[in-house]
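Enquirer: my questions are about this predicted structure, shown below with the sequence.
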Amino acid sequence: MKCDRIILLIIIAGLVGYILNIKSEIKKQDHELINTKVRALYIKEARYPEIAMENEVEGTVRIKATIDNFGYPKEVEIAESSGNFSLDIAAKKALKSSIFIPEIQNGKIKETVITMPYRFDLDGV
């Protein structure tokens, strides 16, 4: 019974993920998961920090996180800094609010470490 619920949840999440994936293709987002079988269900867009915009700061932050069995990020950390504290914090905060479809290996859901870049570009604002 518990397994049936998990399978149903995964199917629903997959459909929602497919729809969101189509929307993200239209929006041409600048971030993608790197080296993982985890799929994004909902990617929170990072809010461009006002101080960074005022100072015309751009950059890319790579965020590393463990995706738990329910698809939520935990142990979120900066894998590669943009060189700007406000951009780094904005990206970290955004990833913490994202939701993923966890990796399934041999029929079992497994925690997975992902790395995801967030690009801050003033041309895209």
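Expert: Okay, I see it. Residues are numbered from 1 along each chain as shown.
Enquirer: what packs against the one helix or strand Arg119 maps to?
Expert: Using DSSP states H and E, Arg119 sits within strand 112-120. Judged by 3 or more Cβ pairs under 8 Å, 6 or more residues apart in numbering; DSSP states H and E, strand 112-120 is in contact with strand 59-67, helix 85-96. Where you see a C-beta, it was placed from the backbone N, CA and C, and this is true even at glycine.
Enquirer: mind listing what's buried along the longest one?
Expert: Read it as helix 85-96. Residues of helix 85-96 classed as buried by neighbour count (16 or more other Cβ atoms under 10 Å): Ser86, Leu87, Asp88, Ala90, Ala91, Lys92, Ala94, Leu95.
Enquirer: following that helix, which helix or strand comes up?
Expert: Using DSSP H and E, the helix or strand that directly follows helix 85-96 along the chain is strand 99-101.
Enquirer: now that following strand: mean pLDDT?
Expert: Averaged over strand 99-101, pLDDT sits at 93.
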